[in-house]
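Q: what follows is a protein structure lacking sequence information:
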């Protein structure tokens, strides 16, 4: 059951980002790969993926942060108490009459750190991917 919480959910936003990025790949690069004898898969792996790498990394950032902060799907999918995610734990910290502000803020910081660190790590890769690829002309 953990797989339902771990696997990223494809979204229309992700399909749109990747479609637009792949449509922006210059046809000259694809034609050059065909002339060099590359098939469809090899063209995709060796030409298209390096050019759209920055879009792929941006999509990875959006997907990770979206999955990490997701509240409704883990609420529905979790059947055991030990499977609850951090956003669910943060919602349990708040009660109607007694709220421990320190504990709630500590849980909020712990909930914030992994996506923030993931973004900081991916930001350098994202900038690096922006400068790669393209046709001079």
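A: Arrived safely, thanks for sending. Because the structure is a prediction, the values reported are computed rather than measured. Numbering: from 1, shown residues only.

Q: what's the average pLDDT for the strand or helix carrying residue 120?
A: Here residue 120, judged by DSSP states H and E, is contained in helix 101-130. For helix 101-130, mean pLDDT is 78.

Q: mind giving me the packing neighbours of that helix?
A: helix 53-68, helix 86-93 (3 or more Cβ pairs under 8 Å, 6 or more residues apart in numbering; DSSP states H and E). Where C-beta positions appear, they are placed from N, C-alpha and C, glycine not excepted.

Q: list the buried ones in the longest one?
A: By that I understand helix 53-68. Buried residues in helix 53-68, defined by neighbour count with 16 or more other Cβ atoms under 10 Å: 53, 54, 55, 56, 57, 58, 59, 60, 61, 63, 64, 67.

Q: follow-up on the earlier one: so which of the helices and strands packed on helix 101-130 comes closest to residue 8?
A: helix 53-68 (4.8 Å; Cβ to Cβ).

Q: how big is the angle separating that closest one from helix 86-93?
A: Put simply, helix 53-68 runs at 30 degrees to helix 86-93, going by axes from the mean of the first three to the mean of the last three Cα atoms, to 10 degrees.

Q: adjust the sequence numbering to begin at 23 for everything that follows.
A: Yep, numbering from 23; the last one is helix 75-90 now.

Q: for helix 75-90, packing partners?
A: helix 34-45, helix 123-152.

Q: residue 94: which of those is closest?
A: Nearest to residue 94, of the helices and strands packed on helix 75-90 and by Cβ to Cβ, is helix 123-152 at 15.9 Å.

Q: residue 131 versus the closest residue to residue 125 other than its chain neighbours, what's the distance?
A: The spatial neighbour of residue 125 that comes closest, neighbours along the chain excluded (Cβ to Cβ, 6 or more residues apart in numbering), is residue 115 at 5.9 Å. According to Cβ to Cβ, to the nearest Å, residue 115 and residue 131 sit 12 Å apart.

Q: noted, bye for now.
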